[in-house]
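Participant: this one's structure only:
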Ligand code: NAD
């Protein structure tokens, strides 16, 4: 990639932190912006500003003097979070995305990357565990399950119209469950791979093999490892494709199967306890036909490989926490 000045919003978060690392490794100048610093290690950004991007003047400051923007900031989390905070999520994310895009346009940003989600797809196509993989065009007639998905869909539109009507070029990705090390694994915003890794690590380290799983565990998803996600983001940003594009794996597994893969990596036989809890849609998978056509590429890292690295990292985090708790008691 030719050297550029980049803004990464949400640079204190999971994907943003990894993206900053990669841009910086490639020799670009990077400004990271977030309301918090990365939790798991120093940022590699040349400049890191703590700014609340719901506020217009902060967005203008964030976008000043950069050529390209990766817009990742969002108030988000796993099902436990997004199924209980509709008003907050819709309000905050609409402000963040509307202001960030307009500020980028006014500051003369050349290219803008918006991170949408598989949560834009209609609930009625995802009511069974073994569904047809979702193609980009399946999004209409629209019926996303949560406010989180509605906001993503509106902001996709905003990006498309800005791209058509103004000088700024826009790129739009729809992520399908990205996971990996250095992501939230505790506290209520974590997503299912991280939550299961944590529960299994606790089970292993405390000798209590019971693992709680929300619902019957037969709901299905596909999961994409962070390194593939970063490769896909950079390829799409450099492409001339301006319509929304899926970025995920197309191997669908049940949550029970996901737990089994992690328990095998941990070397622990677990007892699954199925408990009530938010489950999201019943089934979801990515159709990667368009992804392969547009980028001539698809995610390469297997679920087992990605989970191996992720589990090891989360186990070390849990171990450190147990040790610290033991020392403070
Ligand atoms: P994350 O929660 O780790 O990162 C988002 C970051 O945005 C956080 O660090 C948060 O502090 C920051 N943020 C929130 N409100 C802000 C504000 N007002 N001003 C500035 N920063 C603010 O999430 P992530 O997994 O890294 O996701 C990055 C993007 O990708 C998000 O837009 C998310 O919706 C989208 N996405 C992620 C996934 C996934 O599986 N991780 C799936 C679909 C879409």
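Facilitator: Yep, it's here. This structure is a prediction, so every number in the text was calculated from the model and none was measured.
Participant: now the helices for the chain?
Facilitator: In the chain, the helices defined using DSSP state H lie at 14-25, 56-63, 79-82, 86-106, 147-165, 192-206, 226-238, 255-266, 289-295, 303-328.
Participant: what helices and strands are in contact with the longest one?
Facilitator: Helices and strands touching helix 303-328, as assessed by 3 or more Cβ pairs under 8 Å, 6 or more residues apart in numbering; DSSP states H and E, comprise strand 178-179, helix 192-206, strand 224-225, helix 255-266. C-betas here are computed from N, CA, C, even on glycine.
Participant: mind putting these in JSON lines, mean pLDDT included?
Facilitator: Conversion of the helices and strands packed on helix 303-328 to JSON lines gives the following (pLDDT from 0 to 100):
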{"stretch": "strand 178-179", "mean pLDDT": "98"}
{"stretch": "helix 192-206", "mean pLDDT": "97"}
{"stretch": "strand 224-225", "mean pLDDT": "98"}
{"stretch": "helix 255-266", "mean pLDDT": "98"}
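Participant: next up, the contacts around the closest residue to the ligand within the stretch 1-150 of the chain.
Facilitator: Closest residue of the stretch 1-150 of the chain to the ligand, Cβ to the nearest ligand atom: residue 13 (2.0 Å). For residue 13, the contacting residues are 34, 38, 72, 73, by Cβ atoms under 8 Å, 6 or more residues apart in numbering.
Participant: try 6 Å this time
Facilitator: Listed by Cβ atoms under 6 Å, 6 or more residues apart in numbering, residue 13 has no contact partners.
Participant: ok, now residue 29?
Facilitator: Under the criterion of Cβ under 6 Å, 6+ apart, the neighbours of residue 29 are 5, 46.
Participant: for the stretch 201-329 of the chain, which residues score under the pLDDT cut-off?
Facilitator: 329 (pLDDT under 70).
Participant: any buried residues in stretch 3-16, and which?
Facilitator: For stretch 3-16, burial by neighbour count (16 or more other Cβ atoms under 10 Å) applies to 4, 6, 7, 8, 9, 10, 11, 12, 13, 14, 15, 16.
Participant: show me what from the protein comes close to the ligand.
Facilitator: Contact residues, the chain versus the ligand (Cβ under 6 Å from any ligand atom): 10, 12-16, 34-36, 52-54, 72-76, 92, 96, 115, 117, 175, 177-178, 184, 191.
Participant: the same query, at a cut-off of 5 Å, please.
Facilitator: By Cβ under 5 Å from any ligand atom, the part of the chain that sits against the ligand consists of 10, 12-15, 34-36, 52-54, 72-76, 115, 117, 175, 177-178.
Participant: among those residues, which are in strands?
Facilitator: Here DSSP state E is the test, and the residues of the chain next to the ligand give 34, 115, 117, 175, 178 as lying in strands.
Participant: reformat the residues you listed as JSON lines; add neighbour count.
Facilitator: Putting those into JSON lines (neighbours: other Cβ atoms under 10 Å) gives the following:
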{"residue": "34", "neighbour count": "25"}
{"residue": "115", "neighbour count": "27"}
{"residue": "117", "neighbour count": "22"}
{"residue": "175", "neighbour count": "21"}
{"residue": "178", "neighbour count": "26"}
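Participant: nothing else from me, thank you.
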